[in-house]
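Asker: have a look at this prediction, sequence included:
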Amino acid sequence: LADRVEIVHTDIECRPCFKRTCKFGHLKCLIDLPPEQVVAACKKLEQSH
């Protein structure tokens, strides 16, 4: 959907699921994702522009 993307993720056992709701009810893919990792990805995209 975009020309420039950066994928951030955690290495959890149920990845990737692509579901809108977590069938396990834990949302670890979001909770365990460090904000620093997201910021670094944003900065990388910003620098590539």
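Answerer: In hand now; what should we look at?
Asker: relative to the whole chain's centre, how far out is stretch 37-49?
Answerer: Centre-to-centre, stretch 37-49 and its host chain are 13 Å apart (Cα atoms, centre = their mean, to the nearest Å).
Asker: what does it rub up against?
Answerer: Arg4, Val5, Glu6, Ile7, Val8 (Cβ atoms under 8 Å, 6 or more residues apart in numbering). From N, CA and C alone the C-beta is placed, and that goes for glycine too.
Asker: what about the nearest residue to Lys23 once chain neighbours are set aside, which SS state?
Answerer: With sequence-adjacent residues excluded and distances taken as Cβ to Cβ, 6 or more residues apart in numbering, Lys23 is closest to Cys17, at 7.4 Å. Put simply, Cys17 is coil when judged by DSSP: H, G, I helix; E, B strand; the rest coil.
Asker: and the gap between Cys17 and Asp11?
Answerer: Between Cys17 and Asp11 the computed distance is 14 Å (Cβ to Cβ, to the nearest Å).
Asker: how many residues are close by Pro35?
Answerer: Counted with other Cβ atoms under 10 Å, the neighbours of Pro35 add up to 7.
Asker: and Gln37, by the same measure?
Answerer: 13.
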